[in-house]
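A.B. asks: got a predicted structure here, sequence first:
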Amino acid sequence: MSFILGIIPARGGSKGIPKKNIAPLCGKPLIAYTLDAAVNSKRLSDTIVSTDSQEIADIASDYGANVPFLRPAELSDDFSPTINAVIHAVKEYEKLYNKYVNIVALLQPTAPLRTSEDIDKSIELMINNPSSSSLISCYNCERVHPRIMYTIDNNIGASLFKDHKVGVRRQDFEDVYVRNGAIYLTKRKLLNEDILVDENPICYIMPERRSINIDSTYDIELAECLLSKASR
């Protein structure tokens, strides 16, 4: 049986929102929502938090998280690829617990509306597609379709699509999906090649309302509205 390790990456630095990963959201730190989803997952074998911040480690521990080690500073700056932090966490976990990790589930704390059911269904989808090595979660971007997007140079617009025609109904656009950053699944053989997502990942489709990714104060306000509505 595959050992599936959940990794919640939560470095201390953040340019957009100070201490973003523990920013308050409806009375709880942001990371708590991802911790709740991971703890209630039936498919994850274990979950750890990878952080360089003792403050984040303490808060995560207060919410029942396992923080077995701190991430080195050189893997935690603005330019450090996520894959490096993931590989470090896997190797340290295996050494500490004498386990072999088959699949990594990367769960970013900036996706607070992702559920334990989303995690479990994505894992089931990957297990049922054994020839695939990675999975991403995404949503249908029909509301903001790329066919209505333009680049602008000196006030002159150019459509992203060369065959774009104004007047075509949105209902007639092809389905296009956006990676939402909530769930990444990666088999060990990809990690051995320093790859988190390959060219043709499985796509686990989530509704747009659960796909919000916190990157600004507006995102926090939107998430608060959605969470408040869901709790009524």
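C.D. replies: It's in. Numbers count the residues shown, from 1 in each chain.

A.B. asks: low-scoring stretches of this structure, by residue?
C.D. replies: By pLDDT under 70, the weakly predicted segments of the chain are 164-165, 167, 170, 231-232.

A.B. asks: domain parsing for this protein?
C.D. replies: Domain assignment of the chain by automatic domain parsing yields the ranges 4-138+178-230, 142-175.

A.B. asks: winner for burial among those?
C.D. replies: Comparing those by mean neighbour count (mean count of other C-beta atoms under 10 Å), domain 4-138+178-230 ranks first with a mean of 18. C-beta: built from backbone N, CA, C; applies to glycine.

A.B. asks: ok, the residue nearest to L196 when sequence neighbours are not counted - contacts?
C.D. replies: Take L196 and drop its neighbours on the chain: the residue closest to it by C-beta to C-beta, 6 or more residues apart in numbering is I83, 4.7 Å away. Under the criterion of C-beta atoms under 8 Å, 6 or more residues apart in numbering, the neighbours of I83 are L191, D194, I195, L196.

A.B. asks: can you put those residues in a markdown table and add distance to L227 and secondary structure?
C.D. replies: As requested, those are exported to a markdown table (distance: C-beta to C-beta, whole Å; DSSP: H, G, I helix; E, B strand; the rest coil):
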| residue | distance to L227 | secondary structure |
| --- | --- | --- |
| L191 | 33 | helix |
| D194 | 36 | coil |
| I195 | 34 | coil |
| L196 | 28 | coil |
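
A.B. asks: so which of these comes closest to K15?
C.D. replies: Sorting the contacts of I83 by how near they are to K15, with C-beta to C-beta, puts L196 at the top with 21.9 Å.

A.B. asks: the closest one contacts S134, correct?
C.D. replies: Yes: contact criterion C-beta atoms under 8 Å: L196 and S134 qualify, at 7.1 Å.

A.B. asks: can you tell me how far the nearest residue to Y184 once chain neighbours are set aside sits from A73?
C.D. replies: Using C-beta to C-beta, 6+ apart and skipping the chain neighbours, the partner closest in space to Y184 is L106 (4.0 Å). For L106, the distance to A73 equals 20 Å [C-beta to C-beta, to the nearest Å].

A.B. asks: which strands or helices does the helix or strand harbouring L227 pack on?
C.D. replies: Assigned by DSSP states H and E, L227 falls within helix 217-230. The contact analysis (3 or more C-beta pairs under 8 Å, 6 or more residues apart in numbering; DSSP states H and E) places helix 217-230 against strand 24-25.

A.B. asks: quick one: terminal-to-terminal distance for stretch 42-55?
C.D. replies: End-to-end distance of stretch 42-55: 28 Å, with C-alpha to C-alpha, to the nearest Å as the criterion.

A.B. asks: one more: stretch 166-181?
C.D. replies: Per C-alpha to C-alpha, stretch 166-181 runs 31 Å from first to last residue.

A.B. asks: ok, and what's touching it?
C.D. replies: Residues outside stretch 166-181 that contact it (C-beta under 8 Å, 6+ apart) are 108, 110-111, 136-142, 145-148, 203, 205-206, 211, 213.

A.B. asks: report the longest strand in the chain, please.
C.D. replies: Counting residues, the longest strand found in the chain (DSSP state E) is strand 177-187.

A.B. asks: partners of it, with directions?
C.D. replies: Strand partners for strand 177-187, identified by DSSP bridges, are recorded as strand 103-106 (antiparallel), strand 134-140 (antiparallel).
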